[in-house]
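Undergrad: model the structure of this input:
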Amino acid sequence: MTQNTDSTDTRLAHEAEKSRFALYLGDDLAAYADYTQRGELRDFDHTVTDPQFRGRGLAGVVVQYALDETREEGLKIGTSCWYVEKFVAEHPEYRN
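TA: Next up, the predicted model:
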């Protein structure tokens, strides 16, 4: 998935080999959501936005992408990460 944000190419990717969903601005890794997969549960346990990219809502963009992809794969969502837990609380459509 590619978007244009602030005239910089934005790319979202599922990097399964690293167990994460990532958001790139140009060539820079700007934000990501790590997960641990246990059977049918994908537990999101860590969300990071690089300090130089904070304040732009990128964590929310990558988390929404990650949750949409997880649902599309037919998996349940775990919320060990406080940010993902807060996001799901604010967006009840992602509750299991």
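Undergrad: the bottom helix or strand of this structure by mean pLDDT?
TA: Ranked by mean pLDDT, DSSP states H and E, the weakest helix or strand in the chain is strand 2-5, scoring a mean of 47.
Undergrad: so after it, what's the next helix or strand?
TA: Note on strand 2-5: by DSSP states H and E, the next helix or strand toward the C-terminus is strand 8-15.
Undergrad: note down every partner strand of that following strand and its orientation.
TA: Sheet pairing of strand 8-15 (DSSP bridges) gives strand 2-5 (antiparallel), strand 20-25 (antiparallel).
Undergrad: that strand: which residues count as buried?
TA: Across strand 8-15, burial judged by 16 or more other CB atoms under 10 Å covers 10, 12-14. No exception for glycine: its C-beta is placed from N, CA and C like everyone else's.
Undergrad: show me which of those residues is closest to L23.
TA: Nearest to L23 among those, counting by CB to CB, is L12 at 5.5 Å.
Undergrad: what's the separation between that closest one and E40?
TA: Going from L12 to E40 by CB to CB, to the nearest Å gives 23 Å.
Undergrad: which strands and helices sit next to the top strand by length along the chain?
TA: As assigned by DSSP state E, the longest strand anywhere in the chain is strand 28-38. With contacts defined as 3 or more CB pairs under 8 Å, 6 or more residues apart in numbering; DSSP states H and E, strand 28-38 has these neighbours: strand 20-25, strand 41-49, helix 58-72, strand 76-79.
Undergrad: just the buried positions in it, please.
TA: Of the residues in strand 28-38, 30-35 count as buried by neighbour count, 16+ other CB under 10 Å.
Undergrad: can you list the low-confidence ranges for this structure?
TA: 1-7 (pLDDT under 70).
Undergrad: nearest residue to the middle of it?
TA: Geometric centre of the chain, nearest residue: V63, 2.8 Å, by CA atoms, centre = their mean.
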